[in-house]
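Enquirer: predicted structure and sequence below. I'll ask about it afterward.
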Number of protein chains: 2
Amino acid sequence: MAYRALTEQEAVEYVRNLPNLFATGATLASHEIGDGNLNLVFHIRDEEGGKSVIVKQALPYARVVGESWPLTLDRARIEAEALQIQYKLVPELVPHVYHYDAELALTVMEDLSDHIIMRKGLIAKNRYPLFAKHIGRFLAHTLFYTSDIGAHPYEKKALVGSFINPELCKITEDLVFTDPYEDASTNNFNPLIRPEVEDIWHNAPLKREIAKLKYGFLTRAEALLHGDLHTGSIFVTETSTKVIDPEFAYYGPLGFDIGAVFANLLLNYAAQHGLAKNDEERESYRAYLLETVEDVWSEFVSQFVQLWHKQAKERSAHVEGFWQDYVKNVLQDAVGYAGCKMLRRVIGLAGVADLNTIESDEVRAEAERLALAIGQALILERTQVAEATDITAIVNKTVGLVHS
Amino acid sequence: MAYRALTEQEAVEYVRNLPNLFATGATLASHEIGDGNLNLVFHIRDEEGGKSVIVKQALPYARVVGESWPLTLDRARIEAEALQIQYKLVPELVPHVYHYDAELALTVMEDLSDHIIMRKGLIAKNRYPLFAKHIGRFLAHTLFYTSDIGAHPYEKKALVGSFINPELCKITEDLVFTDPYEDASTNNFNPLIRPEVEDIWHNAPLKREIAKLKYGFLTRAEALLHGDLHTGSIFVTETSTKVIDPEFAYYGPLGFDIGAVFANLLLNYAAQHGLAKNDEERESYRAYLLETVEDVWSEFVSQFVQLWHKQAKERSAHVEGFWQDYVKNVLQDAVGYAGCKMLRRVIGLAGVADLNTIESDEVRAEAERLALAIGQALILERTQVAEATDITAIVNKTVGLVHS
């Protein structure tokens, strides 16, 4: 079937014809529930049996902007293939793909409606005691087994070729690494923080570090990344974590995915200035968030290093001292990328609900200033970071400076 | 035509049928002249008109080892495409490709028989006053225009995909970065230097640095490299330089190509211990070689930086201080990769004629010890290198230590 965007009814007919999904003659209800920027998302449910699936179809343009911003349908292939690779490595942490249709740029996958988007959970100040363990495992396994350390060199190079993803990478290159640091038309920030934003535009040492981090994003084909691992790409319950939406997947530096997790926890940390009802609640939740940052790193690193020792295919992996240098570099990268992702969410095109749900412009501006200060400190001080507690120290020091 | 290895006579018939090469009925003489490891090379000459061409055909195995080591024919495509890209950028510095045949894995190209292989020229202690300027230009233009700084991001990513070259990269990964640093069966060294080689096998800090350099080779997709830029891949006369044989081309770190040039000049430097007729000749030629290393770098860097300022497509290129950091990293990489390439030529499978033409085992061992000492110093001290004169200083210091 040639590509066309499906209607709710067409989506029902499509899944009805797939084998082994729904009983013949089942009454299927379909609702388009996409709230993202780039795709149609149909929720299709058997009204009697209760079984449900998600049909995700890529649109040939960025939905947030409209048809004037065309965007490759190849991202549906990238997403389906990335999900399938991740499923093989950590089946409990990603949705199961039932079917992928290249012509329609469409994937039928497991429905996760019993989970909530983690960003909403953090805004509601929920705590997810297993999240760090789960995401640490996701990061360790998906990054290790697709890296030069854990994959055969031919397999790795074939994957690099399959996941060349120019258009979606360009979005990151522009919106994360370039536009926010100059007076670009895509920027979209609270007018009250213009002085702080202009300081960033004129901060030469900061821009130099960001240029280096961008160059790493452009060139360092280290592992198959999720590519957009913010808390809006993670579904959670108290006991389950599912990573979704890997359409930005490509071969890049490991620290980019880990940094995305850090950044979004720390954006919520900054937003607690306006989200928390009182000082006690704020301090308590912030302590939870910082602890989670540290736990994500320690879970990642312990599982990654264990895989390294037991499963490495690269012969040089066992050279004395190499893994320690490697892991330290990943942490420093993660800290730098976290900083870029914090800045861009405050200054650039796409904000985050954590901050945007703060109604008062003044209160939100205070939270945004804190996010900018933390982001800058992470970028500028990343080469001094040796363990995750150093991130907590940078955040605490920055909060102290901003409040003094 | 399905692939088969051509005979001399079939090669003649093949080129006779190509348009615009030879006059109808010309008397063509064909000689297979390949002295490399992987290919057939036919020299075909019009005995009256004098015009000649080279027909290079890839064999489906490594000629040096035999049919037991199969090797992809795709390398003929890689070589032909790399030559065509280089020809667009620096037409005067590479052979002109007249015709490429994918089925036969065969390229018909300009005959450069009026040039000699630079390695032979250096063994004969010839001087090439324009070489540094030429190779600096080759490096600056081919590396800049295929990098993220000089190419559009979509064009660069498409090139990365075209030049995924797993089998030939694996040869480098094994023979340059792994086998020489352990007791591998492929190694092939002078028994007299076994103590020095064993010291390297047990030198943990050295192996750690080599592991990092290998990791850079595996992951850093910075520019379209020649991939094997030793002095056996360079044809020279007093006034002309032509770079040939880019079948190892792939996207890697810029410093790898530059380091290959440094390494092969410095291998000849070490070999002068046995090649020079007397002290005066040795010191004079060694001074020429060190000067050439410095000139290659200064030609590269001045042309590369000029292109950066005038032709950069990457928006972050003009961030204050970025190009200086970038260039310093390229130099340090080049120094590190030069060190690896020196060590592997002494310890590993493929030696160099500069050393191997020294008849006396004892005299050759002295030259090899010097090459090993310089190679190790380059690897271990590379992060202190800030300009090319620091390379000269490392070499002079090492010569002093070895001789004292």
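Expert: Good, I have the coordinates.

Enquirer: packing partners for the lengthiest helix in chain A?
Expert: Determined from DSSP state H, the single longest helix within chain A is helix A:279-311. Other helices and strands packing on helix A:279-311, by 3 or more CB pairs under 8 Å, 6 or more residues apart in numbering or on different chains; DSSP states H and E, are helix A:131-146, helix A:254-275, helix A:322-347, helix A:389-403. Using the backbone N, CA and C atoms, a C-beta is placed for each residue, glycine as well.

Enquirer: what residues sit buried inside stretch A:74-93?
Expert: A:74-83, A:85-87, A:89-90, A:93 (16 or more other CB atoms under 10 Å in any protein chain shown).

Enquirer: ugh, wrong one, I meant stretch A:21-33
Expert: A:21-22, A:26, A:28, A:30.

Enquirer: out of these, who's nearest B:G259?
Expert: A:L21 (56.2 Å; CB to CB).

Enquirer: give me every residue in chain A lying close to chain B.
Expert: A:148, A:153-154, A:156-158, A:160-161, A:164-167, A:169-170, A:173, A:177-178, A:204-205, A:207-208, A:210-212, A:214-215, A:218-222, A:314-316, A:319-322, A:325-326 (CB under 8 Å from any CB of the partner chain).

Enquirer: residues contacting whichever residue of the stretch 1-150 of chain A sits closest to chain B?
Expert: As assessed by CB to the nearest CB, chain B sits closest to A:D148 within the stretch 1-150 of chain A, at 4.4 Å. By CB atoms under 8 Å, 6 or more residues apart in numbering or on different chains, the contact list for A:D148 reads A:156, A:222, A:314, B:215, B:218-219.

Enquirer: gap between it and B:F256?
Expert: Look at A:D148 and B:F256: by CB to CB, to the nearest Å, they are 16 Å apart.

Enquirer: make sure A:T107 is indeed in a strand.
Expert: Yes. The assignment for A:T107 is a strand, going by DSSP: H, G, I helix; E, B strand; the rest coil.

Enquirer: let me know whether it touches A:R75 as I believe.
Expert: No. Using CB atoms under 8 Å, A:T107 makes no contact with A:R75, being 10.8 Å away.

Enquirer: adding distance to A:V346, secondary structure and pLDDT, write the contacts of A:D148 out as CSV.
Expert: What follows is these, written out as CSV (distance: CB to CB, whole Å; DSSP: H, G, I helix; E, B strand; the rest coil; pLDDT from 0 to 100):
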residue, distance to A:V346, secondary structure, pLDDT
A:K156, 36, helix, 98
A:E222, 28, coil, 98
A:E314, 39, coil, 97
B:Y215, 34, helix, 98
B:L218, 36, helix, 98
B:T219, 31, helix, 98
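
Enquirer: quick one: which of these is nearest A:L370?
Expert: A:E222 (31.3 Å).

Enquirer: which members of the buried residues of stretch A:21-33 occur in helices, if any?
Expert: Per DSSP H, the buried residues of stretch A:21-33 never map to helices.

Enquirer: give me the subset of these lying in strands.
Expert: A:28, A:30 (DSSP state E).

Enquirer: average model confidence for stretch A:350-362?
Expert: In this model, stretch A:350-362 has a mean pLDDT of 97.

Enquirer: repeat for stretch A:324-336
Expert: Mean predicted lDDT for stretch A:324-336 stands at 98.

Enquirer: which of the residues of chain A next to chain B count as buried?
Expert: A:148, A:153, A:156-157, A:160, A:164-167, A:169, A:173, A:177-178, A:207-208, A:210-212, A:214-215, A:218-222, A:314-316, A:319, A:322, A:326.

Enquirer: between the helices and strands packed on helix A:279-311, which gets nearest to B:I391?
Expert: helix A:322-347 (24.2 Å).

Enquirer: just checking, what packs against the closest one?
Expert: helix A:194-201, helix A:204-219, helix A:254-275, helix A:279-311, helix A:361-381, helix B:204-219.

Enquirer: got a list of contacts for the following helix or strand past the last one?
Expert: When you say that, I think you mean helix B:204-219. Scanning forward in sequence from helix B:204-219 by DSSP states H and E, the next helix or strand is strand B:223-225. Applying CB under 8 Å, 6+ apart, the external contacts of strand B:223-225 come out as B:82, B:85, B:142-144, B:146-147, B:159, B:163, B:248-254, B:256-257.

Enquirer: tell me how far the helix or strand following strand B:223-225 lies from the chain's centre.
Expert: With elements assigned by DSSP H and E, the helix or strand that comes after strand B:223-225 is strand B:234-236. Chain-centre distance of strand B:234-236: 11 Å, with CA atoms, centre = their mean, to the nearest Å.
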